[in-house]
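>>> Dropping the sequence and predicted coords here.
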Amino acid sequence: MSKDQEVQSDILIHSALRGNSYDIYLPWFKSIAFRTQSLRYNHTDAEAPSPAQEYLVSARCQRNDPESENSIEMYLADTGLTTLSFMGEEDIEKSDTISLPKGPSLELELGQALAQRRSIRNFTGDVIGLDYLSTILRAGNGISAEATVPLMTGGEVKMNYRTSPSAGGLYPIEIYMGVINVKGLNKGIYRYHPKTDSLVKVIQNASSVDALLNSCALPEETLPCSRANVIFLLIARPWKTMRKYGNRGLKFVYQEAGAISQNIHLAVGSLGLGSVDCAGFYDQDIHKIINIDGINQALIHAIVLGVPG
């Protein structure tokens, strides 16, 4: 490293240290001008509370909390177990679904899949087959097993288990996807239905996908979504989990989203494709596109899939 490079490196390091020091030691700073994200909502007084801090406090597990204990116990009774056995059931017209074909198996050893997992942000725009998408969806949140659970009052119910862990087996997250370039599928918005292992047609037109691409906050040179094949949208119904676990349940929703995301990335890598997590989508735009309210149903994560460039 040359002398000039050493000087530039020292300047950069000191600048970073100085900036981080301000953020750490002056968290109460109230700017009347431009504020960094770390300061934007970081107020602790009653007039401007921090939503993040309030959530962390309200989501704590408390000792001797009979209300929480009662909410959880309801799901362990026969009525609760019976309700859980119907999880994922819904009345869907056959004409509104597309059965998924058998896909290629995931042969890559787990250790190798973990070691080679990387975020890919450049795509060729080449087409992928529906069979590849099938494998990815099944790995992400497909049904992997079925079990029979006895009831205390007699009889039994059948439970379906998925590839991703879910607190209480409540599965509050659904995988929606904007299909851009998949052989055998029209451009449009679809939803994966694990119970029937099929795609539900949500919006069947190219303009909905164009609107989805326009909702990306990142410039095309940073993340070329138009050359991707699919944009996965993890849409949550937080109340499915929070009804049992209260505010703490929201933590479990995000943990589940992380598990689904990792499953997708490992499957994508095993198939020789590329993917990247992306928080750079305008939430309200997407809520409007798929007609959800952003509260009872909300986008919590997105993953972009494509052929690596």
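Good, I have the coordinates. Numbering: from 1, shown residues only.

>>> next one: stretch 156-164 to chain centre, how far?
Computed by CA atoms, centre = their mean, to the nearest Å, the chain-centroid distance of stretch 156-164 equals 21 Å.

>>> For that stretch, C-alpha coordinates in CSV please.
What follows is stretch 156-164 as a C-alpha-only set of coordinates in CSV (Å, rounded to 0.1, in the frame of the first residue of the first chain):
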residue,chain,number,x,y,z
GLU,A,156,-57.3,-37.9,16.2
VAL,A,157,-56.5,-35.1,13.7
LYS,A,158,-53.9,-34.9,11.0
MET,A,159,-51.2,-32.2,11.0
ASN,A,160,-49.1,-31.1,8.1
TYR,A,161,-45.5,-30.0,8.7
ARG,A,162,-43.5,-27.7,6.4
THR,A,163,-39.9,-27.2,5.5
SER,A,164,-39.7,-24.0,7.5
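
>>> How about residues contacting it?
By CB atoms under 8 Å, 6 or more residues apart in numbering, the residues outside stretch 156-164 that reach it are 81-82, 84-85, 87-88, 138-151, 169, 171, 194-195, 256, 259-260, 263. For glycine as for every other residue, the C-beta is placed from the backbone atoms N, C-alpha and C.

>>> ok, of those residues, which come out buried?
81, 84-85, 87, 138-142, 171, 194, 256, 259-260, 263 (16 or more other CB atoms under 10 Å).

>>> closest to residue 114 among the residues you listed?
Nearest to residue 114 among these: residue 263, at 12.0 Å, using CB to CB.

>>> quick one, what contacts residue 172?
Residue 172 sits next to 166, 236-241, 253, 256 when contact means CB under 8 Å, 6+ apart.

>>> Closest to residue 300 out of those?
Nearest to residue 300 out of these is residue 236 (CB to CB; 4.8 Å).

>>> what's the spacing between residue 71 and residue 100?
Look at residue 71 and residue 100: by CB to CB, to the nearest Å, they are 36 Å apart.

>>> Compare the two and say which one has the larger neighbour count.
residue 100 (20 against 16; other CB atoms under 10 Å).

>>> Quick check: that one touching residue 196?
No: taking CB atoms under 8 Å as the definition, residue 100 is not a contact partner of residue 196, at 9.1 Å.

>>> got the CA coordinates for stretch 283-294 in CSV?
The C-alpha coordinates for stretch 283-294 follow below in CSV (Å, rounded to 0.1, in the frame of the first residue of the first chain):
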residue,chain,number,x,y,z
ASP,A,283,-44.3,-1.5,0.9
GLN,A,284,-47.5,0.6,0.2
ASP,A,285,-47.1,0.2,-3.6
ILE,A,286,-47.0,-3.6,-3.2
HIS,A,287,-49.9,-3.6,-0.8
LYS,A,288,-51.9,-1.8,-3.4
ILE,A,289,-50.9,-4.0,-6.2
ILE,A,290,-52.1,-7.2,-4.5
ASN,A,291,-54.9,-5.5,-2.7
ILE,A,292,-54.0,-6.0,1.0
ASP,A,293,-54.2,-3.4,3.8
GLY,A,294,-50.6,-3.5,5.1
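
>>> Sweet, I'm off.
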